[in-house]
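Participant: 3D, please:
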Amino acid sequence: MKIVVDRPPNYDDIVKVFPRAADKGVIFAYGDTVYCPSGPVFTPWLLAHEEVHSAQQSIDSPAVWWDEYLRDPKFRYEQELHAHAAELRAQATFNRNEWFRALHRTAHRLIADLYQYPEPPEGPNFRQALTDLQDVL
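Facilitator: Numbers count the residues shown, from 1 in each chain. Have a look, this model is predicted:
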């Protein structure tokens, strides 16, 4: 994967749907490139997360994937669920307490305001995120 300090080609469309996407530290996968508008802030688990999105986009095209991602919260959640599970796997630890904390941090990020999911019961809640993450691991 290429990593560039720049905005993705569809940045304006993303920010219209997700205003918090303009926050410092938010990164984007578009095709085989990870875009870091505020500079690279990478950990191995963030890279694992973005690699999943890159693979998801390769099924059709980045433009088609992003169109559905921006339009459909259920599609968005499903895509993020798998990317967050990869992120969690990359943080694998044999210490049960650390694993539990990593699972909880990841579940909170999965349902973060950034993603603009509908409020529960239509949208995911923390308990559902925990269960869904454990199911896909």
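Participant: for the rest of this, base every contact and every neighbour count on C-alpha atoms.
Facilitator: OK.
Participant: and Lys24, what pLDDT?
Facilitator: If you check Lys24, the pLDDT there is 93.
Participant: same question, the one 5 residues further on
Facilitator: On pLDDT, Ala29 comes in at 97.
Participant: what's around it, how many residues?
Facilitator: Ala29: 24 surrounding residues under other C-alpha atoms under 10 Å.
Participant: parallel or antiparallel, list what pairs with whichever strand or helix holds it.
Facilitator: Counting by DSSP states H and E, the element that carries Ala29 is strand 28-30. Its sheet considered, strand 28-30 pairs with strand 33-35 (antiparallel) by DSSP bridges.
Participant: show me what secondary structure element comes after the strand it pairs with.
Facilitator: With DSSP H and E, the next secondary element past strand 33-35 is helix 44-58.
Participant: packing partners of that following helix?
Facilitator: Counting contacts by 3 or more C-alpha pairs under 8 Å, 6 or more residues apart in numbering; DSSP states H and E, helix 44-58 is packed against strand 28-30, helix 62-71, helix 73-90.
Participant: contact partners for Val52?
Facilitator: Val52 sits next to 82-83, 86 when contact means C-alpha atoms under 8 Å, 6 or more residues apart in numbering.
Participant: who wins for proximity to Asp132 among the helices and strands packed on helix 44-58?
Facilitator: helix 73-90 (7.4 Å; C-alpha to C-alpha).
Participant: just the C-alpha atoms of the helix or strand just after that closest one, please, in CSV.
Facilitator: Where DSSP H and E defines the elements, the next helix or strand beyond helix 73-90 is helix 96-110. The C-alpha trace of helix 96-110 is given here as CSV (Å, rounded to 0.1, in the frame of the first residue of the first chain):
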residue,chain,number,x,y,z
ARG,A,96,-6.5,-11.5,28.9
ASN,A,97,-6.8,-8.1,30.5
GLU,A,98,-5.0,-6.3,27.6
TRP,A,99,-7.2,-8.3,25.1
PHE,A,100,-10.3,-7.3,27.0
ARG,A,101,-9.3,-3.6,27.0
ALA,A,102,-8.3,-3.7,23.3
LEU,A,103,-11.7,-5.3,22.4
HIS,A,104,-13.6,-2.6,24.3
ARG,A,105,-11.5,0.2,22.7
THR,A,106,-12.1,-1.2,19.3
ALA,A,107,-15.8,-1.6,19.9
HIS,A,108,-16.1,2.0,20.9
ARG,A,109,-14.2,3.1,17.8
LEU,A,110,-16.4,0.9,15.6
